[in-house]
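Colleague: here's my sequence, what's the structure:
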Amino acid sequence: MIRSIIEFSARNRSVIVIACVFAAIGSWYALTHVPLDAIPDLSDTQVIIYSEWMGRSPDLVEDQVTYPIVTALLSAPHVTAVRGYSMFGMSFVYVVFEDGTDMYWARSRVMEYMKQFEGKLPSGVSPVIGPDATSVGWVFQYSLVDTSGTHDLAEMRTFQDYNLRYALASVPGVSEVASIGGYQKQYQVEVDPAKLRAYGLSILDVSRALRASNNDVGARVIEMTGREYYVRGRGYVQNLDAIRKISLGSSPSGTPILLGNVANVSFGPDIRRGVGELDGIGETVGGTVIMRFGENALDVINRVKEKIVELQPTFPKGVILKPVYDRSNLIDRAIHTLKHSLIEEGIVVAVIIIMFLLHFGSSLVPILILPLAVGLSFIPMYYLGINSNIMSLGGIAIAVGAMVDASIVLVENAHKRLEKMPPGVNREDVIIAAAKEVGPPIFYSLLIITIAFLPIFALTGQAGKLFKPLAYTKTFAMFFSAILAITLAPSLMTTFLKGKVHPESKHPVSKFLISLYKPFVYVALRNPKTTIAIGLMAIISALPMIPKIGSEFMPPLNEGDILYMPTTFPNISIEEAKQYMQFQDRVIKSFPEVVTVYGKAGRSETATDPAPLSMLETMVQLKPQEQWRKIPVK
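Modeller: Numbering: from 1, shown residues only. This next block holds a predicted model:
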């Protein structure tokens, strides 16, 4: 069968070329639409349930909120673990599903099971599902800087929460935009207990009056003069005076008792569990763009940047947005490095082929097949949802050498046949016969190399998520190179193998190499037992070194940015944490290699960030390494 395919391909070149042109177009489409990221997503399929019960201690939150949620979700299908985490006023429950579970199927199952504990939770606790994102979804962070000095932190946070956050959340691929820092403005009522006692009122009377007064009510309609008039009571609070004039009752003499008579009403900040700081200068308002699960990280970041440029004219006067973390830099560097390596490999392979064959037309066969086989491997990547990252492109890089072997052997065998071809024999028939002679064993040998990575597909957990992309792409590349070896290669050989072919005996490179290794081959064949013994001794001598070789799950990755995350006492206050963080950031920013230092104590307003105040996350952006100082080594 393989010989029939080779002969058909060689004699129907136009059909094979047209098929390869369509394949190249499909490869280009897949190549430009495959999602890009720096590393594979190693996170589990998990759903986060976030609940807020402010003012309650962690042990009360654990007993009344976290425990009922965890126990209700233990029996959910395909769930491997349910982990609860309680802190002051907040509960986080992580529902981890089996590998391969669809993210949105998992979210729908969790929503079904949430009905089981709705009535078991304290009044006022409303659990919500976190964003449809993974732990590596934080792709872009920014800080709002007021260069004019006319906007306070409350105004900046209001702009972030009610303008900028919603605008960026509308960008395709963005799951959530989390805010941190500044002050969330709220109406605050400070009740005077002595005045309450004097009027014979209680805190319950105040809270009941506040709830009843901050509400619109509707009634029926009145028909007058042929028209309808809607009757409604307008009660939404619009300003501080409206709160002060809320009636709590009346005195024995009939005088109304207003809220302003017993309490001080003013604007104030909401309770804060997180704070941001920039460059050691002072507190700032910031945001984190969280990417939706399965999206193209590079495209999402670029769309966010375009949206920021579009929104810039609407910013308050003097306010600028300063990026403090941008993963697109890492993605661009990682993809550029691998592309550069693949191009270098292709050039080296082409030079070696030309040097050994000394026939430009013959060299075009493996040179043209290599990029097409690489491109075709992106088609299954696109349909299987495998993104381009260090591991997936690395699989293609390590397969390049084996991918060109088949074409080189086919061309080399054709050269041998053409050297000995008698006069008058059809050149095309000789080339086809040469291809049919070595084509089947080459095809099957490539398939054997292809299945060599199949055991990697048995890996599970983080190891499987890390190495499976590499195994997939290497398998795809080897498979397509095997297909092209019996289809496109014979077609190209009958097209380009023209002119004089240099015999191996007159080839300068081959003559030198043959003279170099011929004595060793002669000795090895004359003394087979000694040769095998030397090989075994070499293997045995290496065994003692194996335990001394270091091991690591993943090689170190120089991202270009640094995440510095010290911890302090668990009961630290937010103001104290802010002072420590500001001093730390000021010291780090003093290094000339540093571009920005963004510190975060506590958590952002997102279910994906359960960080306590004792955890100081510091993102340090560095200049390119070529701009660093040259420090002499002593």
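
Colleague: then Thr618 would be within a helix, right?
Modeller: No: under the criterion used here (DSSP: H, G, I helix; E, B strand; the rest coil), Thr618 is strand, not part of a helix.

Colleague: beta-bridge partners for it, please?
Modeller: Tyr564, Gly599 (DSSP bridges).

Colleague: check contacts around it.
Modeller: Taking C-beta atoms under 8 Å, 6 or more residues apart in numbering, we find Thr618 in contact with Leu563, Tyr564, Met565, Pro566, Met581, Gln584, Asp585, Ile588, Val597, Tyr598, Gly599, Lys600. Just so you know, the C-beta spots here come from the backbone N, C-alpha and C atoms, and that holds for glycine as well.

Colleague: okay, it: pLDDT?
Modeller: Looking at Thr618, its pLDDT is 89.

Colleague: ok, now how distant is the residue nearest the centre of the chain from Ala463?
Modeller: Of all residues in the chain, the one closest to the mean position by C-alpha atoms, centre = their mean is Val136, 5.0 Å from it. Using C-beta to C-beta, to the nearest Å, Val136 is found at 17 Å from Ala463.

Colleague: need the pLDDT of the nearest residue to Glu295 once chain neighbours are set aside.
Modeller: Spatial nearest neighbour of Glu295, chain neighbours left out: Gly173 (4.1 Å); criterion: C-beta to C-beta, 6 or more residues apart in numbering. Predicted confidence (pLDDT) for Gly173: 88.

Colleague: so Gly173 touches Phe293, yeah?
Modeller: No: using C-beta atoms under 8 Å, Gly173 is not in contact with Phe293, being 10.1 Å away.

Colleague: what about the closest residue to Ser213 other than its chain neighbours, distance to Pro252?
Modeller: Nearest residue to Ser213 in three dimensions, chain neighbours excluded: Ile246, at 4.5 Å (C-beta to C-beta, 6+ apart). Separation of Ile246 from Pro252 (C-beta to C-beta) stands at 20 Å.

Colleague: which one's more surrounded, these two?
Modeller: Neighbour totals were compared for Ile246 and Pro252, and Ile246 leads with 22 against 6 (other C-beta atoms under 10 Å).

Colleague: and that one, what are its phi and psi?
Modeller: phi -70, psi 130 (degrees, to the nearest 10).

Colleague: what about it, distance to Tyr187?
Modeller: For Ile246, the distance to Tyr187 - C-beta to C-beta - is 11 Å.

Colleague: same check, this time on Glu575
Modeller: Distance from Glu575 to Tyr187, by C-beta to C-beta: 23 Å.

Colleague: so between these two, which is more surrounded?
Modeller: Set Glu575 next to Tyr187 and count neighbours by other C-beta under 10 Å: Tyr187 wins out with 15 against 10.

Colleague: and the more buried one, what element?
Modeller: Here Tyr187, judged by DSSP states H and E, is contained in strand 185-191.

Colleague: what residues are up against Met54?
Modeller: With C-beta under 8 Å, 6+ apart, Met54 has these contacts: Gly89, Met90, Ile271.

Colleague: please pick the buried ones from those residues.
Modeller: Gly89, Met90 (16 or more other C-beta atoms under 10 Å).

Colleague: low-confidence ranges, the stretch 351-500 of the chain, go.
Modeller: Applying pLDDT under 70 to the stretch 351-500 of the chain flags residues 359, 424, 499.

Colleague: so what's the gap between the helix or strand hosting Ala397 and the chain middle?
Modeller: Applying DSSP H and E as the criterion places Ala397 in helix 390-403. Helix 390-403 sits 21 Å away from the centroid of its parent chain (C-alpha atoms, centre = their mean, to the nearest Å).

Colleague: buried residues in that helix, which are they?
Modeller: Ile390, Met391, Ser392, Leu393, Gly394, Gly395, Ile396, Ala397, Ala399, Val400, Ala402, Met403.

Colleague: if I read this right, the second one contacts Ile39, doesn't it?
Modeller: Yes: under the contact definition of C-beta under 8 Å, Met391 touches Ile39, with a separation of 7.1 Å.

Colleague: secondary structure element for the residue lying farthest from the centre of the chain?
Modeller: In the chain, counting by C-alpha atoms, centre = their mean, Ser253 sits farthest out from the average C-alpha position, at 69.2 Å. Using DSSP H and E, Ser253 sits within no helix or strand.

Colleague: got a list of what it touches?
Modeller: Per C-beta under 8 Å, 6+ apart, neighbours of Ser253: none.

Colleague: so how far is Val411 from it?
Modeller: 111 Å.

Colleague: go on, Val221?
Modeller: In terms of C-beta to C-beta, Val221 sits 90 Å off from Val411.

Colleague: does Gly149 sit in a helix, a strand or a coil?
Modeller: coil.

Colleague: count the neighbours of it for me.
Modeller: Neighbour number of Gly149 under other C-beta under 10 Å is 7.

Colleague: and what of the one 10 residues further on?
Modeller: For Phe159, the neighbour count with other C-beta under 10 Å is 19.

Colleague: so it makes contact with Val319?
Modeller: Yes: using C-beta under 8 Å, Phe159 is in contact with Val319, at 7.2 Å.

Colleague: which residues do those two both contact?
Modeller: Leu144, His151.

Colleague: check which residues of the host helix or strand of Leu168 are buried.
Modeller: Leu168 is located in helix 165-169, with elements delineated by DSSP H and E. Buried positions in helix 165-169, judged by neighbour count with 16+ other C-beta under 10 Å: Arg165, Leu168.

Colleague: in three-state terms, label Glu112 for me.
Modeller: helix.

Colleague: picking up where we left off before, JSON lines for the buried residues of helix 390-403, including distance to Ser148?
Modeller: Below are these laid out as JSON lines (distance: C-beta to C-beta, whole Å):
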{"residue": "Ile390", "distance to Ser148": "43"}
{"residue": "Met391", "distance to Ser148": "47"}
{"residue": "Ser392", "distance to Ser148": "47"}
{"residue": "Leu393", "distance to Ser148": "46"}
{"residue": "Gly394", "distance to Ser148": "49"}
{"residue": "Gly395", "distance to Ser148": "52"}
{"residue": "Ile396", "distance to Ser148": "51"}
{"residue": "Ala397", "distance to Ser148": "51"}
{"residue": "Ala399", "distance to Ser148": "57"}
{"residue": "Val400", "distance to Ser148": "56"}
{"residue": "Ala402", "distance to Ser148": "62"}
{"residue": "Met403", "distance to Ser148": "60"}
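
Colleague: name the helices or strands packed onto the top helix by length along the chain?
Modeller: Ranked by residue count and defined by DSSP state H, the top helix of the chain is helix 327-357. Applying 3 or more C-beta pairs under 8 Å, 6 or more residues apart in numbering; DSSP states H and E, we find helix 327-357 packed against strand 138-146, helix 297-311, helix 360-376, helix 390-403, helix 405-419, helix 508-526.

Colleague: could you dump stretch 363-371 to CSV, C-alpha only?
Modeller: Provided in CSV are the C-alpha atoms of stretch 363-371 (Å, rounded to 0.1, in the frame of the first residue of the first chain):
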residue,chain,number,x,y,z
SER,A,363,18.2,19.9,-1.0
LEU,A,364,14.8,21.6,-1.7
VAL,A,365,13.0,18.4,-0.9
PRO,A,366,13.6,18.2,2.9
ILE,A,367,13.8,22.0,3.1
LEU,A,368,10.2,22.5,1.7
ILE,A,369,8.8,19.5,3.6
LEU,A,370,10.1,20.7,7.0
PRO,A,371,8.0,23.9,7.4
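
Colleague: next one: that stretch to chain centre, how far?
Modeller: On C-alpha atoms, centre = their mean, the centre of stretch 363-371 falls 34 Å from the chain's centre.
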